[in-house]
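*Asks:* From the sequence below, what's the structure:
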Amino acid sequence: MKIAISGKGGVGKTTLMALLAGEFKKAGKEVLVIDADPSPHMAQTLGVKHPEAIRPIAEMTKLLVERSGKTEGSPMYNMNPQVNDLLEEFMIDHNGMKLMVLGAIQTGDKGCACPENNVLRRMLTKLLLSKNQVVLLDMEAGVEHLGRGTIAGIDHLLIVVIPSKSSIRTALKVKKLAEDVKIPKISFVGNLVTDEEDRSFLEAGLGVQPIAFFPDSQTIRNAERQDVPVTSLENAAGEAPGILMQALEGKKAEG
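*Replies:* Next up, the predicted model:
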């Protein structure tokens, strides 16, 4: 199962993905977390030592261009690049989980980075999983990544939304674009929820009930401020991570 997470900036998607990763690990799954945010923070959230030493694959432009087969002055490049060794070489083992930091191609004034992005897309789609393996993909905030197609091959998109009108607007826009690119399953996850009024507000604004609600946790907030990995906390989010995991597995079984 390949699960991606998205949402408006600041809604807590990286924290939720880390908690979900920990829940899948406790359930005996083999977990690979892929950080595909231009400003990756998953390593810190999971408690990886010296995360600043990890160089995102997307910054290795020369390597990606070589794999794409693109030559200078030519618009042609390989649509089916070899990526098997990259999948193994750039995975980090941490506390029984694997982490890969993709980052994102920054084009600046250099124009389209299509060949490089194609290599990254190929890496995602090449991941062939057994029933006991789960890939969790932490995407950048907003909606732009959906237009670039780097989310290809995902089975389920989680859209994190907090009880605010701006977050709901972004969530609905992400859902529309996700439907346009044919992501098979799309679900909302509520975060920073304090009471039943917050739940009702989210359900009314989204037009559907989120599959899980995560509380506004001071424990999690303090852990992040003190660089304590959220996966080491006991019941900081209550039953929410387990409810989310069960919903994902249930929806997968139904599909």
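*Asks:* Distance of Gly47 relative to Asp93?
*Replies:* 13 Å (C-beta to C-beta, to the nearest Å). For glycine as for every other residue, the C-beta is placed from the backbone atoms N, C-alpha and C.
*Asks:* These two: which is more packed in?
*Replies:* Neighbours were counted for Gly47 and for Asp93 using other C-beta atoms under 10 Å; Gly47 has more, 17 against 8.
*Asks:* got a list of what the more buried one touches?
*Replies:* Counting by C-beta atoms under 8 Å, 6 or more residues apart in numbering, Gly47 touches His94, Asn95, Val228, Pro229, Thr231, Ser232.
*Asks:* Can you pull the phi/psi pair for the residue nearest to Lys29 when sequence neighbours are not counted?
*Replies:* Spatial nearest neighbour of Lys29, excluding adjacent residues (C-beta to C-beta, 6 or more residues apart in numbering): Val134 at 4.9 Å. Val134 adopts backbone torsions of phi -130, psi 130, taken as degrees, to the nearest 10.
*Asks:* Pretty sure Val134 sits against Ala4.
*Replies:* No - look at Val134 against Ala4 with C-beta atoms under 8 Å: they stay out of range, at 11.9 Å.
*Asks:* residue ranges of the strands in the stretch 1-150 of the chain, please?
*Replies:* Using DSSP state E, counting those that start in this stretch, the strands assigned to the stretch 1-150 of the chain run over residues 2-7, 30-36, 92-94, 97-101, 133-139.
*Asks:* Distance from stretch 215-235 to the middle of the chain?
*Replies:* Stretch 215-235 has its C-alpha centroid displaced from the chain centroid by 19 Å (C-alpha atoms, centre = their mean, to the nearest Å).
*Asks:* wait, stretch 212-225
*Replies:* Stretch 212-225 has its C-alpha centroid displaced from the chain centroid by 18 Å (C-alpha atoms, centre = their mean).
*Asks:* how about Phe188, phi and psi?
*Replies:* Note on Phe188: backbone dihedrals following degrees, to the nearest 10 are phi -100, psi 150.
*Asks:* Equivalent analysis for Phe214, please.
*Replies:* Per-residue torsions, Phe214: phi -100, psi 140 (degrees, to the nearest 10).
*Asks:* how much space between it and Asp198?
*Replies:* Distance, Phe214 to Asp198, using C-beta to C-beta: 11 Å.
*Asks:* Now list whatever residues contact both of those two.
*Replies:* Gly190, Leu192.
*Asks:* Which of those two has more residues huddled nearby?
*Replies:* A direct count of neighbours by other C-beta under 10 Å for Phe214 and Asp198 places Phe214 higher, at 26 against 19.
*Asks:* now Thr194, nearest residue through space, not along the chain?
*Replies:* Nearest non-adjacent residue to Thr194, counting by C-beta to C-beta, 6+ apart: Asp216, 5.0 Å away.
*Asks:* Please read the previous query as pertaining to Met97.
*Replies:* Nearest residue to Met97, sequence neighbours excluded (C-beta to C-beta, 6+ apart): Val31, at 4.5 Å.
*Asks:* Now for the one you found: which residues touch it?
*Replies:* Listed by C-beta under 8 Å, 6+ apart, the contact set of Val31 reads Ala21, Phe24, Lys25, Gly96, Met97, Lys98, Gln133, Val134, Leu136.
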